[in-house]
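**Student:** I would like the atomic coordinates for the input below:
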Amino acid sequence: MLTPAGREWNPPGLPASGENVNAAPQLYVLDGSSYIYRAYYGVRDLATSGGMPTNAVFGFTRMLLGLLQENRPDYLAVVFDPPREETFRRELYPPYKAHRDAMPADLVPQLPYIRQILQALNIPALEAPGFEADDVIATLARRYAAEGIEVTVVTGDKDLLQIVGAGIALLDTMKELRSGPREVLDRFGVPPELVPDVLGLAGDAADNIPGVPGIGEKTAAGLVRRFGSLEGVLEWKSLVNGKQRRENLRAHADQARLSKTLATVRYDVPLDLSLADLERRTPNLPELMPLLRELEFAALELAFTPPPPGVVEIYCDGSGRDSGPGGYGVILRYGEFEKELSGYEPAATSQRMELTAAIRGLEALQKPKRVRVFSDSQYLVRGMSEWLSAWKRTGRLETPDALKNQDLWQQLAALSANHEVVWEWVRGHDGHPFNERCDRLAKRAAEAGMRATEESGRAAQQAAELAKKENAIPKATVPAGPAPVRAREIVEYEADADGQLLLC
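**Tutor:** As a prediction, this is how the structure comes out:
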């Protein structure tokens, strides 16, 4: 079952899921505060008809929905910060994050609605008194990675790169960047476990961590690589280039150690929960739908509304040019079940990809069904709902070359005859959740296909160049002589009563 907060199963008559049953379970942990602010600044000027601001709630819910649909984690949690004044870091260093502006006034009333959305989606919202979200995230990540769970932390916070390691990665959905140890090394110049040492020297202006004056992040990374750690830099400061830099390291040694402590996440947050508490569950629709209606989120309400009983919904879209490579994306929905399909064609027009998407959706149905096909292509919808009967009556569907894309129209006519189909047009790229998903599927399939084609072409070219070089090298001639004769071993086989040799 693949609802916005469920799993994918295989109902009768729909295609098999193709899941890898041997894959490690996936836990996604979201940095809730980071998500909220990205949503708030990413969606502007959105409010209900009564004037209540809803931009952060809408953006948060839409990003969360997209994350679930594209990654389908087995376990999920959203982690929030307590008031910054109540954390242990503020006790250690009162100026910590003190320079940050107060929360925007129009964001404050939206926070309770975000909590209600998570509750209705049956997604745990976690918070630990005295600790920041980073500490809770780090504790969860290390605990479950040690149990063989693949952990993905969804955040744009660079400080959390220090927890990356075996079974733990960071995902920045805004940049579509997944970071492992290699990416951390590229970003900071040191492995993940030494990121706090770099921040201890360089400080972090975003969190008001002071560091050592005159030492930036690049210099700090170079020093940590050279001396192995912040303590190594302080111990061997006499070998550091620059008189002023050496003096700053001597004068601000304790400040550097404090800065490292502030920048280091904790892995010992007391959390009274089990992995089962984080398992993804289906949404509580009786609670969720009235909430979405109150917030006037019609598009999101549609995303969580199951198809009518006994009806398969097929959403389809194609991505192509006047002539060239193209992709298609399809979503099939049946009750609480859902399936995505996508593919690539090396040479196709945009119209052909729209028709191909519908064909692939109908091909996936293994038994006759009541079907509603949705597309933003009027060419497809009008062709199947208005023009097809005339094409059949006048013979254009079968007369060779009497109809553009005739081969695809013929396939659609044959496939749709197996079902009770209604064709419906939707306005494309207008916030429609399934149309936008199909569009993304189609474009990604096209991009992946073009990359594969380019890589295959490069490999073929390299092979041809290598063969050309090998043919250009003169080969040594060997004097002709009698070919060696290999002595053949004489084997005597037994025979049966009819004289047939028993060879084995």
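**Student:** C-alpha from now on. contacts and neighbour counts both.
**Tutor:** Fine.
**Student:** in the top helix by length along the chain, what counts as buried?
**Tutor:** When the chain is parsed with DSSP state H, its longest helix is helix 433-472. Neighbour-count burial for helix 433-472, counted by 16 or more other C-alpha atoms under 10 Å, picks out 433-447, 449-450.
**Student:** Report all helices and strands that that helix contacts.
**Tutor:** For helix 433-472, the elements it packs on are helix 298-304, strand 311-319, strand 326-334, strand 337-345, judged by 3 or more C-alpha pairs under 8 Å, 6 or more residues apart in numbering; DSSP states H and E.
**Student:** and the last one, what other elements does it pack with?
**Tutor:** Where contact means 3+ C-alpha pairs under 8 Å, 6+ apart, strand 337-345 is packed against strand 326-334, helix 433-472.
**Student:** rank these by pLDDT, which is bottom?
**Tutor:** Mean pLDDT is lowest for helix 433-472 among the helices and strands packed on strand 337-345, at a mean of 86.
**Student:** and that one, how far from the chain's centre?
**Tutor:** 21 Å (C-alpha atoms, centre = their mean, to the nearest Å).
**Student:** now stretch 418-429
**Tutor:** 28 Å.
**Student:** and that stretch, C-alpha only, in PDB?
**Tutor:** Presented in PDB, the C-alpha positions along stretch 418-429 are these (Å, rounded to 0.1, in the frame of the first residue of the first chain):
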ATOM      1  CA  ASN A 418     -10.800  -4.400 -22.400                       C
ATOM      2  CA  HIS A 419     -12.000  -2.000 -19.700                       C
ATOM      3  CA  GLU A 420     -14.700   0.500 -18.900                       C
ATOM      4  CA  VAL A 421     -12.700   3.700 -19.400                       C
ATOM      5  CA  VAL A 422     -13.500   7.300 -18.800                       C
ATOM      6  CA  TRP A 423     -11.000   9.900 -20.100                       C
ATOM      7  CA  GLU A 424     -10.600  13.100 -18.000                       C
ATOM      8  CA  TRP A 425      -8.500  16.200 -18.600                       C
ATOM      9  CA  VAL A 426      -6.700  18.000 -15.700                       C
ATOM     10  CA  ARG A 427      -5.000  21.300 -15.900                       C
ATOM     11  CA  GLY A 428      -1.300  20.600 -16.000                       C
ATOM     12  CA  HIS A 429       1.400  22.100 -13.700                       C
END
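**Student:** tell me which residues in it are buried?
**Tutor:** Per 16+ other C-alpha under 10 Å, stretch 418-429 contains these buried residues: Val421, Trp423, Glu424, Val426, Gly428.
**Student:** what does stretch 125-136 give?
**Tutor:** So, applying 16+ other C-alpha under 10 Å, buried residues of stretch 125-136: Ala125, Leu126, Glu127, Ala128, Gly130, Phe131, Glu132, Ala133, Asp134, Asp135, Val136.
**Student:** C-alpha coordinates for that stretch, PDB please?
**Tutor:** Extracted in PDB, the C-alpha atoms of stretch 125-136 (Å, rounded to 0.1, in the frame of the first residue of the first chain):
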ATOM      1  CA  ALA A 125       7.000  14.200  16.400                       C
ATOM      2  CA  LEU A 126       9.900  14.000  18.800                       C
ATOM      3  CA  GLU A 127      11.400  16.600  21.200                       C
ATOM      4  CA  ALA A 128      13.800  16.100  24.200                       C
ATOM      5  CA  PRO A 129      13.900  18.800  26.900                       C
ATOM      6  CA  GLY A 130      17.400  20.300  27.300                       C
ATOM      7  CA  PHE A 131      18.600  19.000  23.900                       C
ATOM      8  CA  GLU A 132      18.500  20.300  20.400                       C
ATOM      9  CA  ALA A 133      16.900  18.500  17.500                       C
ATOM     10  CA  ASP A 134      20.500  17.700  16.200                       C
ATOM     11  CA  ASP A 135      21.200  15.700  19.400                       C
ATOM     12  CA  VAL A 136      18.000  13.700  19.100                       C
END
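**Student:** Nothing else from me, thank you.
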